[in-house]
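Undergrad: Sequence plus predicted model, see below.
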Amino acid sequence: MTEEPKNQPRGLVAVHESKQRRLHGRLPAIPTRFWLWALTVLVAWGIFYWKKTQGEIESQKAVLLAKQRGVLAELGPRYEPVQKRLEDWAVASSGAYPGDLAAPEAKSWDFGAAPGIYLRMRLADATSAVAVRKAAAVSLRDAFTACLFHEPNVDPISGPPCRASHDCAPGTFCNEVDHCMPPAQPYNLRTAYYGTRIMTDEWTVSLRTASDDMRLRLLEREFDSAVKDDIPAVIDLLTRAQFFMLVFDEDPVDGKVKPSLDAIQAIPHPARVFLFGLKPGMERPLLRLRREIAGRFMPTGETAPTEPELIEAQQRQVNSCQLALYVREALGH
């Protein structure tokens with residue numbers, strides 16, 4: 001009988017090796033085909049989940065696009081004709097200046113107490129309707145309106161801060177400086193463009209290109225807020241408006257660099273003012289003037305500002321008020 005070697009393990013060699021690996025804390029090697037199958041399952045699940053999510057997003061987009069088309073069909077005919085008229089006037093008025101005009105109706109009409117629309121922008125930016133909409137994004141009610149009109153508008157930042165009009169109480173909306181306030185007069189066209197943003201091609205593109213659920217939820221919330229709070233107020237204010245006041249700031253003649261609107265308003269420069277009637281029978285230019293504005297003021301006293309930014313802001317106010325006084329003078333007010 002043959003004797004087994006002393007070092008030869010009893011039983012199967014594989015069972016012995018497995019015991020030795022467990023004793024030394026080593027796990028059995030997992031076959032490579034297991035990892036390949038696991039990876040395949042994960043990839044397949046990822047593709048399935050992505051397609052399912054994208055299908056849900058596309059379905060939600062289709063619903064929101066259908067709602068948008070409904071808003072355009074219902075409210076577009078009330079808003080778009082007014083918008084087009086204002087933009088056409090702005091583009092036409094940016095051409096060669098035909099000379100001053102002060103119609104008798106403008107001199108006898110106290111338009112400052114009537115609801116109206118206001119827009120102030122660089123003359124060089126009024127090249128097309130699209131350019132007017134883009135430039136209107138920086139238009140603000142300023143010292144020109146404060147010195148010309150006598151509507152008792154309150155401080156635009158006195159209301160609670162907001163991000164959208166749905167944050168505001170009934171009768172107020174989120175204005176151009178992000179505070180809940182009643183609509184001021186004259187009504188800034190910039191606010192009208194913002195309030196009707198969901199009716200634009202740009203918003204449609206944003207919706208079509210939305211690729212995740214979070215972005216889509218934000219667009220849905222924006223749409224609901226605009227339909228509920230912004231658009232009804234915009235259409236009401238635009239359709240009740242009786243005049244359109246348009247102010248163009250011209251670039252300085254010797255300017256070598258394209259300045260911003262704020263920078264132009266703080267230095268001597270020519271400016272144009274147009275008043276258009278929106279009431280039936282008065283839908284035409286009622287006032288047209290062009291003046292060089294270069295108001296002067298001297299800060300005095302212990303509280304006089306020394307910071308360049310504050311001095312520049314005061315100079316803008318002085319120049320704008322001077323332009324308003326030219327308008328009053330032309331109308332005999």
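TA: Arrived safely.

Undergrad: C-alpha only now, for contacts and for neighbours.
TA: Noted.

Undergrad: Run through the residues that contact residue 318.
TA: Each residue near residue 318 by CA atoms under 8 Å, 6 or more residues apart in numbering is listed here: 143, 295-297.

Undergrad: I'd like those residues as CSV, with neighbour count, pLDDT and distance to residue 251 appended.
TA: Formatted as CSV, the contacts of residue 318 follow (neighbours: other CA atoms under 10 Å; pLDDT from 0 to 100; distance: CA to CA, whole Å):
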residue, neighbour count, pLDDT, distance to residue 251
143, 19, 86, 19
295, 17, 80, 17
296, 10, 78, 19
297, 11, 71, 22
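
Undergrad: List the ones among those residues that fall in helices.
TA: residue 143 (DSSP state H).

Undergrad: With respect to residue 283, which of the contacts of residue 318 is nearest?
TA: residue 143 (26.5 Å; CA to CA).

Undergrad: wait, the closest one sits on residue 321?
TA: Yes: contact criterion CA atoms under 8 Å: residue 143 and residue 321 qualify, at 5.7 Å.

Undergrad: after the worst-scoring helix or strand of the chain on mean pLDDT, next one along is what?
TA: Sorting the helices and strands of the chain by mean pLDDT, DSSP states H and E puts helix 13-23 at the bottom, at a mean of 58. Where DSSP states H and E defines the elements, the next helix or strand beyond helix 13-23 is helix 32-93.

Undergrad: What is the distance between that following helix and the centre of its chain?
TA: Averaged C-alpha coordinates place helix 32-93 at 20 Å from its chain's average position (CA atoms, centre = their mean, to the nearest Å).

Undergrad: again, but for stretch 182-202
TA: From the chain centre to the centre of stretch 182-202 is a distance of 9 Å (CA atoms, centre = their mean).

Undergrad: Check stretch 218-231 too.
TA: Its chain's C-alpha centre lies 13 Å from the corresponding centre of stretch 218-231 when counted by CA atoms, centre = their mean.

Undergrad: for stretch 325-333, same thing?
TA: 34 Å.

Undergrad: List the buried residues of that stretch.
TA: For stretch 325-333, burial by neighbour count (16 or more other CA atoms under 10 Å) applies to 325-327, 330-331.

Undergrad: With stretch 70-78 instead?
TA: Result for stretch 70-78 [16+ other CA under 10 Å]: buried residues 72, 75.

Undergrad: Pull the residues that contact it.
TA: 199, 227, 235, 239.

Undergrad: try it again with 10 Å
TA: The contact list for stretch 70-78 (CA atoms under 10 Å, 6 or more residues apart in numbering) reads 64-69, 79-80, 196, 198-200, 227, 231-232, 235-236, 238-239.

Undergrad: element containing the residue nearest the centre of the chain?
TA: In the chain, the C-alpha nearest the mean C-alpha coordinate belongs to residue 194, at 5.1 Å (CA atoms, centre = their mean). Element membership of residue 194 [criterion: DSSP H and E] is helix 189-195.

Undergrad: List the buried residues for that helix?
TA: Of the residues in helix 189-195, those buried (16+ other CA under 10 Å) are 189-195.

Undergrad: just checking, what packs against the helix or strand just after it?
TA: For helix 189-195, the succeeding helix or strand toward the C-terminus, using DSSP H and E, is helix 201-208. Secondary-structure packing of helix 201-208 (3 or more CA pairs under 10 Å, 6 or more residues apart in numbering; DSSP states H and E): helix 32-93, helix 213-225.

Undergrad: ok, the contacts of residue 318 vs residue 244, which is closest?
TA: Closest approach to residue 244 among the contacts of residue 318 (CA to CA): residue 143, at 17.2 Å.

Undergrad: wait, isn't that closest one in contact with residue 316?
TA: Yes: with contacts counted by CA atoms under 10 Å, residue 143 reaches residue 316, the gap being 7.9 Å.

Undergrad: Which neighbours do those two have in common?
TA: Residues touching both residue 143 and residue 316 (CA under 10 Å, 6+ apart) are residue 322.

Undergrad: Do a quick rundown of the strands in the stretch 101-250 of the chain.
TA: Using DSSP state E, counting those that start in this stretch, the strands found in the stretch 101-250 of the chain span residues 101-102, 116-122, 173-174, 180-181, 187-188, 243-249.

Undergrad: and the gap between the closest residue to residue 88 other than its chain neighbours and residue 60?
TA: Once flanking residues are discounted, residue 88 sits nearest to residue 129: 7.0 Å by CA to CA, 6 or more residues apart in numbering. Shown here: residue 129 relative to residue 60, a distance of 32 Å by CA to CA, to the nearest Å.

Undergrad: No more questions from me, cheers.
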